[in-house]
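Participant: Structure of the sequence below:
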Amino acid sequence: MISLLLNFLYILRIVSKQQILTYPGTIRLPSRLKILGWVITIVFYPIGLFKTPTDDFGIRLTDCFKKLGPVYIKFGQTLSTRPDLIGVKIASYLQSLQDKLPPFSSSIARKIIDESFGQSTDELFSVFEDIPIAAASISQVHRAKLKSGEFVAVKILRPRIHHTYNKDIKLLYIFAKLVAKIFIKFKRLRPVAVIDVFNTTMKFELDLRLEAAAASELSDNLQNDVDIYIPKVYWQLTHEYIITTEWVDGISIYARDKLIEQGLDLTKIAQRFATIFFNQVYRDGFFHADLHPGNILVRSDGSIVLLDFGIMGRLSDKDRMAIAESLFGFLSRNYKLVALVHLRAGYIPQNTDLDLFAQACRAVSEPIIGYAVKNISIGRLLAQLFKITEDFGMEVQPQLLLLQKTIVVVEGVGQQLDPEINVWQLIEPWIKKWAAKNLSPEAKVLRILKHIVVEILERFNK
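Facilitator: Below is the predicted model of the structure:
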């Protein structure tokens, strides 16, 4: 309890020094929160009363998360995917949060391996490189060589990260509950639900056996796809705190000049990458959702390698059907269909005025769909759609927000490789083909029959 209190006081000091509550920029805070901010500043950083910050609020908030440590860096990254909560400008600042920290010592890394497997690194590996190739907020990666000769990547969680996380998540829940209780205007943003989603994601990242399972599942899903490779997991060298995977050499997909030097066709790589991603989303319903520069490599033959499976997105059949039908509705400018899809999927309340919702969809879609096809952004379209559904009372759908964020990244990668390429051009034929197959009367009858059979079996089993 004392430790929690001290941590709470430390956070208040950092927040007051960064003048988060006293100078919130363009954000309109409730008057009670402003008063609380000034009181906290008087106690912890009185000089802040006479010092106007020179940096923008987004920069100060980003620095605040950095100073608070690894869990808050991760939380800041999560908030960056929620412009509906914090605004587009601040979300863009938080996207710059780098998931990097100084590495912990190799002696500690070796000790964690020894304790996890009951064998020393010298017994498990013929070579274990002491200098990590990457050090992030909750883990770091070492290159090693097995006794059998294969090179591997050994990812190790930071020491005491579970202790740090358990302490910080308690405070995040306390803050969220206080905000929901004291500040009525923030209730609709469901701050506790935001922490729930973050907590679920982090629990996945803090057990590396789950990451190994995600890598294995993705590999199975993509095994018949060409030009994509998922590194092999060495299960006998994987533990709650450690994951060992095959070492794969390649060039970051973001390193455009190096790819050109290798004589690779950037347009084909961009097309391949987008196709691989949309196969994960629409065919499999399970997709890689952390596509930063270090996690996507291109091999000398032009094939793509995905790394780091700590953040994955999963879509139900209902979600996939709704997204595909909505995109088809936008593509065909059938906004009534988009409205019906959202109602059937339960994304908007049953008493929603569908004509009004369809009109709102038209308002955000026409300016985007009106562009030349190559200038249409699916990510932007989905972001506008989520804003509309929020206005109509839609509860936050974390899996859809994660998808929208990842699509924006995929579009960015494609345009960085080839400014003339557009993801919409790649997916448009696929959506039309999908619609012809799944929106026919016969397909709808089969879906209804399938649901009836499932319901009968469920009742019979009861």
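
Participant: any weak-confidence spans in the stretch 1-150 of the chain?
Facilitator: 1, 20-54, 84, 98-99 (pLDDT under 70).

Participant: could you redo the last one with a cut-off of 50?
Facilitator: Scanning the stretch 1-150 of the chain for pLDDT under 50 picks out no residues.

Participant: And the helices in it, which stretches?
Facilitator: Along the stretch 1-150 of the chain, the segments classed as helices by DSSP state H, counting those that start in this stretch run 2-17, 31-44, 57-68, 70-79, 83-86, 88-94, 106-117, 121-124.

Participant: and the angle for the fourth one with helix 57-68?
Facilitator: This points to helix 70-79. Comparing the axes of helix 70-79 and helix 57-68 via axes from the mean of the first three to the mean of the last three Cα atoms, to 10 degrees yields an angle of 150 degrees.

Participant: send the alpha carbons of helix 70-79 over as PDB?
Facilitator: C-alpha atoms of helix 70-79 as PDB (Å, rounded to 0.1, in the frame of the first residue of the first chain):
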ATOM      1  CA  PRO A  70       7.700   1.300 -19.800                       C
ATOM      2  CA  VAL A  71       4.100   0.600 -18.900                       C
ATOM      3  CA  TYR A  72       3.100   4.200 -19.500                       C
ATOM      4  CA  ILE A  73       5.000   4.200 -22.800                       C
ATOM      5  CA  LYS A  74       2.900   1.200 -23.800                       C
ATOM      6  CA  PHE A  75      -0.200   3.000 -22.600                       C
ATOM      7  CA  GLY A  76       0.700   6.100 -24.600                       C
ATOM      8  CA  GLN A  77       1.000   3.900 -27.700                       C
ATOM      9  CA  THR A  78      -2.400   2.500 -27.000                       C
ATOM     10  CA  LEU A  79      -3.900   6.000 -26.700                       C
END
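
Participant: Start at 57, not 1
Facilitator: Let's use 57 as the start, then, which means that last one is helix 126-135.

Participant: Measure how far that helix is from the centre of its chain, please.
Facilitator: How far helix 126-135 lies from its chain's middle: 11 Å, per Cα atoms, centre = their mean, to the nearest Å.

Participant: now for that helix, which elements pack on it?
Facilitator: Applying 3 or more Cβ pairs under 8 Å, 6 or more residues apart in numbering; DSSP states H and E, one finds that helix 126-135 makes contact with helix 113-124, helix 144-150, helix 217-238, helix 247-261. Heads up, the C-betas are built off the backbone N, CA and C, glycines and all.

Participant: repeat that with 6 Å
Facilitator: When contacts are defined as 3 or more Cβ pairs under 6 Å, 6 or more residues apart in numbering; DSSP states H and E, helix 126-135 packs onto helix 113-124.

Participant: Same question for the first one.
Facilitator: Under the contact criterion of 3+ Cβ pairs under 6 Å, 6+ apart, helix 58-73 touches helix 87-100, helix 113-124.

Participant: again, only using 7 Å
Facilitator: helix 87-100, helix 113-124, helix 217-238 (3 or more Cβ pairs under 7 Å, 6 or more residues apart in numbering; DSSP states H and E).

Participant: Tell me which of those helices sits nearest to residue 406.
Facilitator: helix 217-238 (25.5 Å; Cβ to Cβ).

Participant: buried ones in that closest one?
Facilitator: Using 16 or more other Cβ atoms under 10 Å as the test for burial, helix 217-238 gives 217, 220, 221, 224, 225, 227, 228, 232, 235, 236.

Participant: just to revisit the earlier point, so can I have CSV of the helices of the stretch 57-206 of the chain showing distance to residue 344 and mean neighbour count?
Facilitator: Formatted as CSV, these follow (distance: least, Cβ to Cβ, whole Å; neighbours: other Cβ atoms under 10 Å):
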stretch, distance to residue 344, mean neighbour count
helix 58-73, 33, 15
helix 87-100, 38, 15
helix 113-124, 24, 19
helix 126-135, 16, 21
helix 139-142, 22, 18
helix 144-150, 21, 17
helix 162-173, 26, 16
helix 177-180, 28, 15
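
Participant: Can you tell me how far residue 187 is from residue 165?
Facilitator: For residue 187, the distance to residue 165 equals 10 Å [Cβ to Cβ, to the nearest Å].

Participant: For the stretch 357-506 of the chain, give me the ranges with low pLDDT.
Facilitator: The stretch 357-506 of the chain contains residues with pLDDT under 50 at 501, 504-505.

Participant: cutoff 90 now
Facilitator: Where the stretch 357-506 of the chain drops to pLDDT under 90, the residues are 366-367, 373-389, 398-407, 417, 419-506.

Participant: just the strands in it please.
Facilitator: Taking DSSP state E, counting those that start in this stretch as the criterion, the stretch 357-506 of the chain carries its strands at 360-362, 368-370.

Participant: So which of those strands is nearest residue 268?
Facilitator: When these are compared by Cβ to Cβ, strand 368-370 sits nearest residue 268, at 12.0 Å.

Participant: Neighbouring strands - and their directions - for the closest one?
Facilitator: Paired neighbours of strand 368-370 in the sheet (DSSP bridges): strand 342-344 (antiparallel).

Participant: now what about whatever helix or strand comes next after the partner strand, what contacts it?
Facilitator: Downstream of strand 342-344, the first helix or strand assigned by DSSP states H and E is strand 352-354. Under the contact criterion Cβ atoms under 7 Å, 6 or more residues apart in numbering, strand 352-354 has outside partners 304, 306, 307, 308, 309, 315, 320, 325, 360, 361, 362, 363.

Participant: can you list the residues you listed in JSON lines and add distance to residue 72 and neighbour count?
Facilitator: Below are the contacts of strand 352-354 laid out as JSON lines (distance: Cβ to Cβ, whole Å; neighbours: other Cβ atoms under 10 Å):
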{"residue": "304", "distance to residue 72": "46", "neighbour count": "16"}
{"residue": "306", "distance to residue 72": "46", "neighbour count": "16"}
{"residue": "307", "distance to residue 72": "45", "neighbour count": "19"}
{"residue": "308", "distance to residue 72": "39", "neighbour count": "15"}
{"residue": "309", "distance to residue 72": "42", "neighbour count": "23"}
{"residue": "315", "distance to residue 72": "47", "neighbour count": "19"}
{"residue": "320", "distance to residue 72": "51", "neighbour count": "19"}
{"residue": "325", "distance to residue 72": "48", "neighbour count": "22"}
{"residue": "360", "distance to residue 72": "46", "neighbour count": "21"}
{"residue": "361", "distance to residue 72": "45", "neighbour count": "19"}
{"residue": "362", "distance to residue 72": "42", "neighbour count": "24"}
{"residue": "363", "distance to residue 72": "39", "neighbour count": "21"}
